[in-house]
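sequence below, structure please.
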Amino acid sequence: MDGLHDNSGRISFTVNGEAREVNCAPSMRLSEVLREALALRATKVGCNAGDCGACTVLLDGDPVCACLVPAGQVAGRAVETAESLAGEDRALSALQAAFLRHGAAQCGICTPGMMMAATALLRQDAAPDRQAVEDALGGVLCRCTGYAKIIDAVMDAGRTVADSPAPAAGAAIGAAVERLDGRAKVDVSELFGADSWPEGARLVRAVRSPHYLADFSFGDLEGWAASRPHVDAVITAADIAGINRFGVIPPFADQPAWQKAQRASAARPWQSLSATPNGCPAPICQTFRSHGRNARRQSRLPRHGRRAPPSFTRDATAISW
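Purely as a prediction, here's the structure:
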């Protein structure tokens, strides 16, 4: 037993003040746990590499990229997401009201991450200067606003609605007005393309090799899928109609969309797993990797095991340009 994470895969932690327990692999991304297992989809996923900051949440009060935090590391700890910002009946917090007042949310994808990073700052300094705000928000990227409105909103978060009087009669021209779609974006109720799906839609997850280069073969895929009621299908290269390749130029012939039974790389999927909405695909994918030995076999190859092209050999003819 390590903290509140036991060997069965159950991980207990606090989310937005509530005790929660999930059953998942400890290596599963916190962003996936929040979005897929707990349905807290205000946490957005952009790059999945810690570069964009859209998935910023607070872990024990500190801002972190949820896509970089393994679920096993949050056992016994406190996680806060953007769903925690609004009050009862979706009443806006001072920070959310400032974002709405300044038009700081445009497309809205970065807004939850921006507000969580700003929340961490405002808890330490209720009246930060501009440089402090810029530093605090530096890890969250925005492609819409140019950051000026966001920074102004964070610096203005201490003001109340009463401090922002409506324009006098006759002075409405040129006055700032709230965006019609602004409230849903700052109270994080806005649904984006990856936040919802039609009733009955299947969830699909690609399974990739954990090794840079490996030989592999499939075993009893049908039997493996049949033993898991939430798995509808396992799709492999054999299911692709036409040429198993992406790109239209002949040199791309060695770039298959799906790996066949040889030379799997970490960049190409082996297969995808289709699951019902009741069966979260990420844990199913982890189960396949961990316990699917009867369904697939692999043998790791040296990282530089590929043969060098003739132009790289010592006796290759030198060409001067």
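
and the helices in the stretch 101-250 of the chain?
111-124, 130-137, 148-155, 182-186, 221-226 (DSSP state H, counting those that start in this stretch).

pull the distance from the longest one to the chain's centre.
Spelled out, that is helix 111-124. Distance of helix 111-124 from the chain centroid (C-alpha atoms, centre = their mean, to the nearest Å) equals 18 Å.

and that helix, C-alpha only, in CSV?
Extracted C-alpha coordinates of helix 111-124, given in CSV (Å, rounded to 0.1, in the frame of the first residue of the first chain):
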residue,chain,number,x,y,z
THR,A,111,-10.0,29.8,-20.1
PRO,A,112,-10.3,27.0,-17.4
GLY,A,113,-6.5,26.6,-17.3
MET,A,114,-6.0,30.4,-17.2
MET,A,115,-8.4,30.8,-14.3
MET,A,116,-6.8,27.9,-12.3
ALA,A,117,-3.4,29.4,-12.7
ALA,A,118,-4.8,32.8,-11.8
THR,A,119,-6.5,31.3,-8.7
ALA,A,120,-3.2,29.9,-7.4
LEU,A,121,-1.7,33.4,-7.8
LEU,A,122,-4.6,35.3,-6.2
ARG,A,123,-4.5,33.1,-3.1
GLN,A,124,-0.9,34.2,-2.5
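
how close does V231 get to A49?
28 Å (C-beta to C-beta, to the nearest Å). Placement of C-beta: from N, CA and C, glycine included.

just to revisit the earlier point, out of the helices of the stretch 101-250 of the chain, which gets the lowest mean score?
Looking at the helices of the stretch 101-250 of the chain, the lowest mean pLDDT belongs to helix 221-226 (a mean of 82).

who has more neighbours, V231 and A49?
The neighbour count for V231 versus A49, taken as other C-beta atoms under 10 Å, is higher for V231 (20 against 9).

count of neighbours near the residue nearest to that one when sequence neighbours are not counted?
In this structure, V231 finds its nearest non-sequential neighbour in A225, 4.6 Å apart by C-beta to C-beta, 6 or more residues apart in numbering. Residues near A225, counting by other C-beta under 10 Å, number 21.

S12 now?
Residues contacting S12 under the criterion other C-beta under 10 Å number 16.

likewise L38?
L38 - counted by other C-beta under 10 Å - has 19 other residues nearby.

for it, what are its contacts?
With contact set as C-beta atoms under 8 Å, 6 or more residues apart in numbering, L38 has these partners: 15, 20, 22.

and the pLDDT for G9?
On the pLDDT scale, G9 gets 80.

that one contacts M28, correct?
No - taking C-beta atoms under 8 Å as the definition, G9 is not a contact partner of M28, at 9.4 Å.

A117 is in contact with E134, isn't it?
No - the criterion here is C-beta under 8 Å, and A117 misses it with E134 at 11.1 Å.

between these two, tell me which one has more neighbours.
A117 (24 against 14).

separation between that one and G138?
A117 is 9 Å from G138, by C-beta to C-beta.

what does I319 give?
Taking C-beta to C-beta, one finds I319 at 47 Å from G138.

go on, A37?
For A37 relative to G138 (C-beta to C-beta), the value is 30 Å.

which element, helix or strand, includes F13?
strand 10-15 (DSSP states H and E).

that strand packs against which elements?
strand 18-23, strand 78-80 (3 or more C-beta pairs under 8 Å, 6 or more residues apart in numbering; DSSP states H and E).
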